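Trainee: Here is the input, now give the coordinates:
(one chain, ligands or ions: 3)
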Amino acid sequence: MAETQTPDIIYTQVDEAPELASYSLLPIIRSFADAAGVSVGTRDISLSGRILAAFPDALTEAQKQSDDLAILGDLVKTPDANVIKLPNISASVPQLVAAIKELQGQGYALPDYPEAPSTDAEKKARAAYDAIKGSAVNPVLREGNSDRRAANAVKKYAMANPHSMGTWSKDSKTKVSSMSGGDFFSNEKSLTLTEAQAGAAKIVHVAADGTETVLKDGVSVPAGTVVDTTFMSAKALDKFLAEQIEETKKDGTLFSLHMKATMMKVSDPIIFGHAVREYLKPVFDKYGDELKAAGVNPNAGIGDMMERIKDNAEITQAVEGAMDARPPMYMVNSDKGITNLHVPSDVIIDASMPALIRAGGKGWGPDNKEHDTNCVIPDNSYAPVYEESINYFKETGALDPTTSGTVQNIGLMAQKAEEYGSHPTTFEIPADGTVKMIAANGDVISEHSVEANDIWRAASARKAPIEDWVQLAIDRQKAEGCEAIFWLDENRAHDAELIAYVKPILEAKGVADKFQIMSPAKATRQTLETIRKGENSIAITGNVLRDYLTDLFPILELGTSAKMLSIVKLMQGGGLFETGAGGSAPKHVQQLVEENHLRWDSLGEFCALGESLKFLADQKDNAKAAVLGKAVDAATQGILDNNKSPSRKVGEPDNRASHYYFALYWAQALASQSDDAALAEHFAPIAEKLAANEDKIMAELAEVQGKPVDLGGYFHSDPAKTEAVMRPSATLNAIIG
Ligand SMILES: NC(=O)C1=CN([C@@H]2O[C@H](COP(=O)(O)OP(=O)(O)OC[C@H]3O[C@@H](n4cnc5c(N)ncnc54)[C@H](OP(=O)(O)O)[C@@H]3O)[C@@H](O)[C@H]2O)C=CC1
Ligand SMILES: O=C(O)CCC(=O)C(=O)O
Ligand SMILES: [Mg+2]
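Mentor: Ligands and ions are numbered 1, 2, ... in the order given. Modelled structure (predicted):
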């Protein structure tokens, strides 16, 4: 065959902190793997890489880049897949625009992001950019369901070395506020499609005057798919937001909005925009025309708005005046004046709510001090999880990480299950009327009366992924023998359809007595009670709760979700090993650039690497991969036992130093094992050299810290400059080769 062979393992090229870490870690991985005949390739799924791959016609031959995401999307549907997936940027519009600008500045003739596309070329460019926006990578790669948990060694380490936890007081004014109706939760309709209804469905808007507009045609929904449709009323949302702004002011707390504008890339930026508009209502009322003329789109946030009006002193002053009259906002960076409503991707609910709960219900205010906070989460589908957690901790005090049990997660996410797949079927409604979803055979799946500006969406979960998810839960419960709860609310339309799948499978397998089914609010309380007793629980959830809980519990138990094992057992037999459960930590890049210290912890990468190698050993009957994998586990244990994880403070050992120790312990484990004599012989001198040069290497790594560095770009950094920054120890580099 002419085709070049796929490497044994693909390591993804991403963005921000994890990508910086890869510059240091990947050469070590490759050098060690190479000695065992294991090939490690890379594929570029970074934001800049995806932009370049989408516009070949705008680039010179030398600049063109392959569509690696599409290639990986095909690979994960084969049994050969073995992919280590690091977190990548799920870009908001301001991030996308910034990345395009940076690439243009580097000589790539890319089109601008067309804000109001009118010509065909602009419409084409806009469609290409919109496909890159938000969570555009994970849904493509996740051809399997999710298994996230803390490895035993990691959990034990956290219990012995607890992170700091804020204290909860019974009279904390922190709370979660959600709509009392008119939200996605209360308007949801759900149906499991029959054979007769299966096929290509369409979504139609019928205006009050009878005009029909097809919003979307050809929505593929095979038999057995659970289809949900729902909408959020724009009027109810605005009323709710106005009330919350008032109430926050009365309570004397901070106003904060928690959304997932990246994952729900159509609905949530719109909801965010409503909050911006409501918070700055006097300004939008008075200067609406001027703001429109300046191209202000509230969905892009106050940051973008201020930039556009910076030359207009009157409006700038009006904004500042309006903000002074409003309750203070929860800040992303109080030193720099960056508020919760500045950029839609700055406050991402899965990370932001747990961080606030870990801090004892406190958020940072504009005065650079901690305050109680009103956490505004408009939709009720999942807000009760945070509400119940906050209520529970107010009653009982903070969780004790030294004694707490652990919560594992089995998440339904394969084939864009649930809201993850809803972007192409979410619409801001143009005019009053009805929205119908119509099955291939003409049956009306659902019908909703809507008003202009309401946000309507359809989401779906297919039969095979649902069945695979239930089986995964059965396997995991069997392995752990602990409490296992399906977080499903029989009173919610969608969950009731899932329960109709779950119950018969559990009964048929004779394991119904091992599982409970509970609404998210009840499951939250029971789970917290279980882990407080030092026992463990498995949360079996849909996609959104998978996302939320795999940050919430790890952040409370381990201090961070970066240390999680995150396995995607691909439905076609391959393996996808995600590193940790968190994101790409933009704050960490800032610190590196300012003071050459990278506090990113690669423990998630170490865990994923070990799993990937052990998977390769089984997948290709590769005994050397098994030896490498076992040694990775020993090295990871070594990092924990000897406290070699990165420090947060400049001047102390950082990410690069932890990679040196990882290499040292990995080489020592390989040198001392007796399963493969050739590998032991190869790694003995390497282990010796690494150990003998410890002081020298650590000094070389320490020496560079404390000064700013130049990476030659943020979204598309200069490889040579970045490598020089991330591999500053000539001694280590020479040993690694
Ligand atoms: N799988 C994926 O591809 C995911 C991608 N994302 C994307 O990541 C970006 C940033 O998201 P954000 O919500 O800010 O969340 P992040 O998880 O990137 O950051 C939140 C904070 O978590 C801590 N943290 C996260 N990872 C590590 C690590 N490995 N080592 C040490 N600390 C860590 C840091 O806290 P501190 O600095 O206080 O120590 C960090 O500032 C967005 O573009 C988002 O879309 C988000 C989630 C998953
Ligand atoms: O895909 C994304 O944008 C975020 C994913 C995420 O947060 C997660 O999987 O935990
Ligand atoms: Mg997440």
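Trainee: for the spatially closest residue to Val511 that is not a sequence neighbour, phi and psi?
Mentor: Counting by C-beta to C-beta, 6 or more residues apart in numbering, Val511 lies nearest to Ile474, which is 5.7 Å off, once chain neighbours are set aside. The C-beta positions use only the backbone N, C-alpha and C, and glycine is treated the same way. Phi and psi for Ile474, reported as degrees, to the nearest 10, are phi -60, psi -40.
Trainee: Ile474 contacts Lys509, correct?
Mentor: Yes - the pair Ile474 / Lys509 is scored as a contact, 6.0 Å apart, by C-beta atoms under 8 Å.
Trainee: ok, these two, which is more surrounded?
Mentor: Each of Ile474 and Lys509 had its neighbours counted (other C-beta atoms under 10 Å), and the higher figure belongs to Ile474 (19 against 12).
Trainee: show me what contacts Leu52?
Mentor: 59, 63-65, 103, 108, 110 (C-beta atoms under 8 Å, 6 or more residues apart in numbering).
Trainee: got the contact list for the helix or strand encompassing His274?
Mentor: In this structure, His274 is located in helix 267-279 according to DSSP states H and E. Under the contact criterion C-beta under 8 Å, 6+ apart, helix 267-279 has outside partners 92-93, 232, 234, 237-238, 241-242, 245, 255, 257, 259-262, 284, 297-302, 305, 322-323, 326, 329, 341, 344, 376, 378, 422, 426, 428, 455, 457.
Trainee: mean confidence score for stretch 521-535?
Mentor: The average pLDDT for stretch 521-535 rounds to 98.
Trainee: swap that for stretch 435-451, sorry
Mentor: The pLDDT scores in stretch 435-451 average 98.
Trainee: and it, how far from the chain's centre?
Mentor: Relative to its chain's centre, stretch 435-451 lies at 32 Å (C-alpha atoms, centre = their mean, to the nearest Å).
Trainee: Show me which positions of it end up buried.
Mentor: The neighbour-count criterion (16 or more other C-beta atoms under 10 Å) identifies 435-440, 445-446, 448, 450 as the buried residues of stretch 435-451.
Trainee: Give the full set of residues in contact with Glu497.
Mentor: The contact partners of Glu497, by C-beta under 8 Å, 6+ apart, come to 190-192, 226.
Trainee: next SSE after the strand or helix carrying it?
Mentor: Following DSSP H and E, one finds Glu497 within helix 493-508. For helix 493-508, the following helix or strand on the C-terminal side (DSSP H and E) is strand 516-518.
Trainee: roughly how far apart are the residue sitting furthest away from the middle of the chain and ligand 1?
Mentor: Checked against the mean C-alpha position of the chain, the extreme residue using C-alpha atoms, centre = their mean is Asp209, at a distance of 42.3 Å. Between Asp209 and ligand 1 the distance is 41 Å, computed by C-beta to the nearest ligand atom, to the nearest Å.
Trainee: So which residues of the stretch 351-500 of the chain form strands?
Mentor: Using DSSP state E, counting those that start in this stretch, the strands assigned to the stretch 351-500 of the chain run over residues 362-364, 370-376, 407-411, 426-428, 433-438, 444-450, 455-461, 483-487.
Trainee: sorry, back to before: now tabulate the buried residues of stretch 435-451 in JSON lines and tack on distance to Ala121.
Mentor: As requested, the buried residues of stretch 435-451 are exported to JSON lines (distance: C-beta to C-beta, whole Å):
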{"residue": "Val435", "distance to Ala121": "31"}
{"residue": "Lys436", "distance to Ala121": "34"}
{"residue": "Met437", "distance to Ala121": "33"}
{"residue": "Ile438", "distance to Ala121": "33"}
{"residue": "Ala439", "distance to Ala121": "36"}
{"residue": "Ala440", "distance to Ala121": "34"}
{"residue": "Ile445", "distance to Ala121": "36"}
{"residue": "Ser446", "distance to Ala121": "37"}
{"residue": "His448", "distance to Ala121": "36"}
{"residue": "Val450", "distance to Ala121": "33"}
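Trainee: Just name the closest of the residues you listed to ligand 2, please.
Mentor: Here the nearest of the buried residues of stretch 435-451 to ligand 2, counting by C-beta to the nearest ligand atom, is Met437; it sits at 25.3 Å.
Trainee: before we move on, which element is the closest residue to ligand 1 within the chain in?
Mentor: Here the chain gets closest to ligand 1 at one residue, Gly583, 2.4 Å apart by C-beta to the nearest ligand atom. Secondary structure here is read from DSSP H and E; on that basis Gly583 sits in neither a helix nor a strand.
Trainee: Nearest to ligand 3, out of the strands of the stretch 351-500 of the chain?
Mentor: Proximity to ligand 3 (C-beta to the ion) singles out strand 407-411 among the strands of the stretch 351-500 of the chain, at 10.2 Å.
Trainee: quick one: the closest one to strand 483-487, angle?
Mentor: Orientation check (axes from the mean of the first three to the mean of the last three C-alpha atoms, to 10 degrees): strand 407-411 against strand 483-487 gives 40 degrees.
Trainee: what is the mean pLDDT for strand 407-411?
Mentor: Strand 407-411 shows a mean pLDDT of 98 in the predicted model.
Trainee: Also stretch 707-723?
Mentor: Across stretch 707-723, pLDDT averages out at 98.
Trainee: first to last residue in it, what's the distance?
Mentor: The straight-line separation of the ends of stretch 707-723 (C-alpha to C-alpha, to the nearest Å) is 16 Å.
Trainee: Same check on stretch 438-454?
Mentor: 20 Å.
Trainee: now swap in stretch 125-145 and tell me
Mentor: 33 Å.
Trainee: Return the set of residues that bridge with Thr230.
Mentor: Listed by DSSP bridges, the beta-bridge partners for Thr230 are Arg457.
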